[in-house]
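Fold the following and give me the result.
(2 chains)
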Number of protein chains: 2
Amino acid sequence: MTYTVQIKVMPLKELLDPQGKAVKSGLENLGINSVEDVRIGKNITLQVDAENPDQAKRIAEDASKKLLANPVMEYFEINVN
Amino acid sequence: MTYTVQIKVMPLKELLDPQGKAVKSGLENLGINSVEDVRIGKNITLQVDAENPDQAKRIAEDASKKLLANPVMEYFEINVN
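Numbering: from 1, shown residues only, chains lettered A, B, ... in the order given. A predicted model of the protein is given here:
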């Protein structure tokens, strides 16, 4: 069966996010001043062929650790639908 | 009050996603063959100062339309926590 797996990869909370800071400035230049903080990461949607949701999650974890997320700078969260 | 708003910006379903295709090849090279499709977008987390969740959502929609998403190539989904 095919499962849709969402992986959210975000910069670690301890680190600065220069891309987010740039977007915050951009929003202020557009007159949107009520945004206090912006953090930008990736959202990766996988279609995984697996026997059950647990197996799909394990495959996505494996993919995240080996390729999709850089543990020095990022953390990831996995959701199986 | 400050609300945490998650914005998911993904490439439109009708369009090819070359970055996703590249990641799929990368996963195959690592021996992960059960991933059938990969699509890659952005995940943006905003801290929005607003009076209620509806107002926070409206501000995030405004920001998405004006700056965060390109409607020619991307769609966006907003979640207020």
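
and A:Gln19, how many neighbours?
Using other C-beta atoms under 10 Å in any protein chain shown, the number of residues around A:Gln19 comes to 15. The C-beta positions use only the backbone N, C-alpha and C, and glycine is treated the same way.

Please apply the same query to A:Lys8.
By other C-beta under 10 Å, 20 other residues sit near A:Lys8.

Enumerate every residue touching it.
The contact partners of A:Lys8, by C-beta atoms under 8 Å, 6 or more residues apart in numbering or on different chains, come to A:41-44, A:76-79, B:43.

Following the chain onward from the one helix or strand it maps to, which element is next?
In this structure, A:Lys8 is located in strand A:2-11 according to DSSP states H and E. Going down the chain from strand A:2-11, the next helix or strand is helix A:18-29, by DSSP H and E.

Could you pull up the mean pLDDT of the next helix-or-strand element following that following helix?
Once the chain leaves helix A:18-29, the next helix or strand it forms, by DSSP H and E, is strand A:35-49. With pLDDT averaged residue by residue, strand A:35-49 scores 97.

now strand A:35-49: how far from the chain's centre is it?
Average the C-alpha atoms of strand A:35-49, do the same for its chain, and the two points are 3 Å apart (C-alpha atoms, centre = their mean, to the nearest Å).

touching chain B at all, that strand?
Yes. Part of strand A:35-49 sits near chain B under the criterion C-beta under 8 Å from any C-beta of the partner chain, namely A:35-49.

picking up where we left off before, what's the angle between the strand holding A:Lys8 and strand A:35-49?
Here strand A:2-11 points in a direction 150 degrees away from that of strand A:35-49 (axes from the mean of the first three to the mean of the last three C-alpha atoms, to 10 degrees).
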